[in-house]
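Asks: Here is a sequence with its predicted model. Questions after.
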Amino acid sequence: MYPQSRQDYVSISFSGQGSGIYNNSKQWRRQSYWRKWKQLSRLQRSLILFIFVLLFVCAFVSYPGVTAHIRGPTEKEQDTDSSIVERPAIPHVLPEPVVIGRHLPPEQPSQRKLYNRRGPPVLQNRLQKKGNTSDTMIKDKSADSKNGGEEEGVISRHGAVRGQQATEGTLENKEDSRANEVLSKESEAIWLEAVREAFRHAWKGYKDFAWGHDELRPISKSYSEWFGLGLTLIDALDTMWILGLKDEFEEAKAWVATELTFNKNVDVNLFETTIRILGGLLSTYHLSGDSMFLEKAKDIGSRLMPAFNTPSKIPYSDVNIGKGTAHPPRWTSDSTVAEVTSIQLEFRELSRLTQQPQYEAVVAEVMKQIHKLDGKLDGLVPMFINTNNGQFTHQGIYTLGARADSYYEYLLKQWIQGGKKENQLLEDYLQAIEGVKKNLLQKSSPNGFTFVGEVSHGQFSPKMDHLVCFLPGTLALGAHNGLPADHMDLAKKLMETCYQMYVQMETGLSPEIVHFNMHQGSTRDIDAKLADRHNLLRPETVESLFYLYRFTKDHKYQAWGWEILQSFNKYTKVSSGGYTSINNVRDPDYPGPRDKMESFFLGETLKYLYLLFSDDPNLISLDQYVFNTEAHPLPIWPSTV
């Protein structure tokens, strides 16, 4: 016999009786459901109500007609000319630090107060289509300048926060300050891990396809040799130590101990071998304390000494480290000024460690001769010097780019390394900076970015190499060590310019060389010729970002570095392992991989990014170490030396 409820159900469905029975049955069910609902506990009723509300909200949000109105325009919008304008793409390769709200759009005023104090906001994203590189950004900046540079509640595309701040000293401000401290630590951990992950990915490619060789070719999954000395591995040693990658460091150390030999019949470049191998070994010795690295440094240092056996004491560019012979390039008897004046930090340190003065003596002689030479322009030096007579050649061309750049860097850094006692070096540096201000500084149009051009036989050229972006960091380092305050002011202006060399390109990566527009009526400040649009994974801009952040603690420099790292991941990362240089930074659809990962990507670029994202001032303290031009930290000498 069925229960009463079952009998009622059957009578409704199949008995064929009139509507009175149907209505009585409905009323009974309502009363039955209500009794059951009342029998539930308060907790059970609350949970059921919560679930129904949640389902309603989810259905509302997911309904296209509603969410389209909430979100605003879709990814592609129809403009007034009926042309499709594609929104800029945001790289998604690395985990985003969403905890600090850096990707919240400015259109949400209720959330501005949160991310005004939660770390660097995301910078305005680049347009991705060819031909519309920077028009929007230029208009934004012009609007800012017309308003006196201040708009209430707006996030500047340069990373600076504008808008209302909580009144200092209020309870809200104190609570936000504590929250900011926590979130800053979380964002720092995310950024640092992102660099470690980039290094691991690059290292995987090198280990899988180029182990023990000079450079990885990540596209073809092969390698290339320059000197046959494991350049990438040695360049990356101290980076692994700084990043805390112990397993990778130990396997590389084992290769150096058992496989690395300099007893080879091979020509090497004096400058490149000094800054990458000698500098890398000395730095790793200081960081790890392992004397094996010092012994290897002594070996290569002694094998490079024949380069200085020239009539003028200006070294040859090439040395056969197996035969003990040296020679200039086949096509000239010249060496570049940057090469012969950017080996001093390493040889001086080798002398200090070995107590053998010959290493320091030969490089000091070079600096002494350069100091006395004619042919300078207000402290600026030509690009070439003859190894036979010791005189400048190809005079009349002055640049802070290729072939001259690190001369200026090493003037300052030798002075710092030696305890600020060698006044001749300081005088030459200060004179050169005044020469830069007088002869090479100009402003672009329409936005007035300060840049460093070149002079050729009295004619100014608005050409600037990416290499010149070492200068903001060097200027900031000098100001930190007591040089004039206007050096820091210039550093900040040039840092902005170097960032613009990235953000105004469709890939967000700087070309090798840019030209600045100076004539009235220009629509964009920066142009890159087709032959100059390659990117070699260079470090100079992130190097300067590190110095500027370390000395100013302005989080916009970290934001800029984060954006650059994202662009590297989006356009240069190779899925099988490694990163590749690219041919065209203005073509995001096909940037043109060049199938080469330079050793300095691991030795410099990722190292400086890691140091930029770290808030630990004692992680390679700039009061204790000075970086060589390949980012290998060497100790500042004790004052007793």
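Replies: All right, it came through fine.

Asks: Count the residues that sit near L49.
Replies: 10 (other CB atoms under 10 Å). For glycine as for every other residue, the C-beta is placed from the backbone atoms N, C-alpha and C.

Asks: Helix or strand for it, just tell me which one.
Replies: helix 42-62 (DSSP states H and E).

Asks: Pretty sure L565 sits in a strand.
Replies: No. Per DSSP: H, G, I helix; E, B strand; the rest coil, L565 lies outside any strand segment and is helix.

Asks: Do I have it right that it meets L609?
Replies: Yes. Contact criterion CB atoms under 8 Å: L565 and L609 qualify, at 5.7 Å.

Asks: Identify the residues contacting R533.
Replies: By CB atoms under 8 Å, 6 or more residues apart in numbering, the residues touching R533 are 511-512, 583-586.

Asks: same thing with E365?
Replies: So E365 contacts K313 (CB under 8 Å, 6+ apart).

Asks: and with 10 Å instead?
Replies: 308, 312-315 (CB atoms under 10 Å, 6 or more residues apart in numbering).

Asks: Can you tell me which of the residues you listed end up in strands?
Replies: When the contacts of E365 are checked against strands using DSSP state E, none is located there.

Asks: Type out the PyMOL command that picks the buried ones from the residues you listed.
Replies: Of these, the buried ones go into a single PyMOL selection, burial set by 16 or more other CB atoms under 10 Å:
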select buried, resi 308+312+313+314+315
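
Asks: So, low pLDDT: which residues of this structure?
Replies: For the chain, applying pLDDT under 70 flags the ranges 1-38, 58-183, 640-641.

Asks: For I620, state which of the contacts of E365 is nearest.
Replies: P315 (29.2 Å; CB to CB).

Asks: Tell me the backbone dihedrals of the closest one, please.
Replies: Here is the backbone geometry of P315 (degrees, to the nearest 10): phi -70, psi 150.

Asks: Output the contacts of R533 as JSON lines; include the columns distance to L237 and neighbour count.
Replies: JSON lines is the format used below for the contacts of R533 (distance: CB to CB, whole Å; neighbours: other CB atoms under 10 Å):
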{"residue": "P511", "distance to L237": "30", "neighbour count": "26"}
{"residue": "E512", "distance to L237": "27", "neighbour count": "20"}
{"residue": "N583", "distance to L237": "30", "neighbour count": "16"}
{"residue": "N584", "distance to L237": "33", "neighbour count": "22"}
{"residue": "V585", "distance to L237": "30", "neighbour count": "26"}
{"residue": "R586", "distance to L237": "35", "neighbour count": "18"}
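
Asks: Widest-spaced pair of these?
Replies: E512 and R586 (12.3 Å).

Asks: so what sits against both of those two?
Replies: In contact with both E512 and R586: 528, 533, using CB under 10 Å, 6+ apart.

Asks: measure the most centrally placed residue in the chain to A559 for me?
Replies: Ranked by distance to the mean C-alpha position of the chain (CA atoms, centre = their mean), the top residue is V542 at 3.7 Å. Look at V542 and A559: by CB to CB, to the nearest Å, they are 12 Å apart.

Asks: next one: V366
Replies: 41 Å.

Asks: ditto for T541
Replies: 13 Å.

Asks: Which of L565 and L609 has more residues huddled nearby?
Replies: Neighbour count, other CB under 10 Å: between L565 and L609, L609 has more, with 27 against 23.

Asks: where's the more buried one, which helix or strand?
Replies: Going by DSSP H and E, L609 is in helix 606-613.

Asks: Can I get that helix as CSV, trimmed to CA atoms?
Replies: Extracted in CSV, the C-alpha atoms of helix 606-613 (Å, rounded to 0.1, in the frame of the first residue of the first chain):
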residue,chain,number,x,y,z
LEU,A,606,68.4,38.9,-15.6
LYS,A,607,70.8,39.7,-12.8
TYR,A,608,70.0,43.4,-12.9
LEU,A,609,66.2,42.6,-13.1
TYR,A,610,66.5,40.5,-10.0
LEU,A,611,68.5,43.2,-8.1
LEU,A,612,65.9,45.8,-9.3
PHE,A,613,63.0,43.8,-7.9
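
Asks: So which elements touch that helix?
Replies: Helix 606-613 sits against helix 171-209, helix 237-243, helix 540-552, helix 556-571, strand 625-627, with contacts defined as 3 or more CB pairs under 10 Å, 6 or more residues apart in numbering; DSSP states H and E.

Asks: What residues sit buried inside the third one?
Replies: For helix 540-552, the buried set under the neighbour-count rule, 16+ other CB under 10 Å, comprises 540-551.

Asks: Same list (those) but as CSV, adding distance to W203.
Replies: Shown next, in CSV, are these (distance: CB to CB, whole Å):
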residue, distance to W203
E540, 22
T541, 23
V542, 18
E543, 21
S544, 25
L545, 23
F546, 21
Y547, 26
L548, 28
Y549, 25
R550, 26
F551, 30
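
Asks: quick check, nearest of the residues you listed to Q500?
Replies: T541 (10.3 Å).
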